[in-house]
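> I would like to see how this sequence folds:
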Amino acid sequence: MKNKNGIIKTIAYWIFTGLLTAMLLFSGIGALLKFDFLVEAMEHVSMPFTIMPILGIAYILGAIAIVLPGFLQLKEWAHVGVFFAMVAAISIHIMIGDNLETSFGSILLMLLNVTSFILRPANRRYRREVLAESKVS
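Numbering: from 1, shown residues only. Here you go, the predicted structure:
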């Protein structure tokens, strides 16, 4: 039986991960369907529209990888991909002189991603040394 702190950490993990994956799915679907506000955002930062389907597919696949059981290394790579995508998005906003309000979605997504990554339970962590030992046995 888990202790109280372990249960609270697990609940917090699933709340942050649920919000993260919901935002990733919404953003991915929005990019694929070219939602008006996303098209306007892409115009605002002078990004080509041809990148929208690539981002859409990447966000959807990242959300799936993060919530599916197993595939521990893939989960970590999905978190890393989201992190770098949000660092790039925030950097672009800063470079063109946007304020924090304009960057809010990217900042929120990055914070959800980092929090989900930090709170993930042991059975969702990829540990190379543990896997290497199990292959030797």
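
> CA atoms for contacts and neighbours, from now on please.
Will do.

> buried stuff in stretch 44-53?
Buried residues in stretch 44-53, counted by 16 or more other Cα atoms under 10 Å: 52-53.

> Now tell me what touches it from outside.
Contacts to stretch 44-53, defined as Cα atoms under 8 Å, 6 or more residues apart in numbering, come from residues 31-32, 34, 39, 42, 92-93, 96.

> With stretch 98-105 instead?
Stretch 98-105 is contacted from outside by 89-90, 93, using Cα under 8 Å, 6+ apart.

> try 7 Å this time
90, 93 (Cα atoms under 7 Å, 6 or more residues apart in numbering).

> which intervals of the protein have sub-threshold pLDDT?
Low-confidence segments of the chain (pLDDT under 70): 1-2, 128-137.

> Centroid-nearest residue for it?
The centre of the chain sits closest to residue 82, judged by Cα atoms, centre = their mean, with a distance of 4.0 Å.

> returning to that earlier point: from the contacts of stretch 44-53, which land in strands?
Using DSSP state E, no member of those sits in strands.

> Nice, that's everything, thank you.
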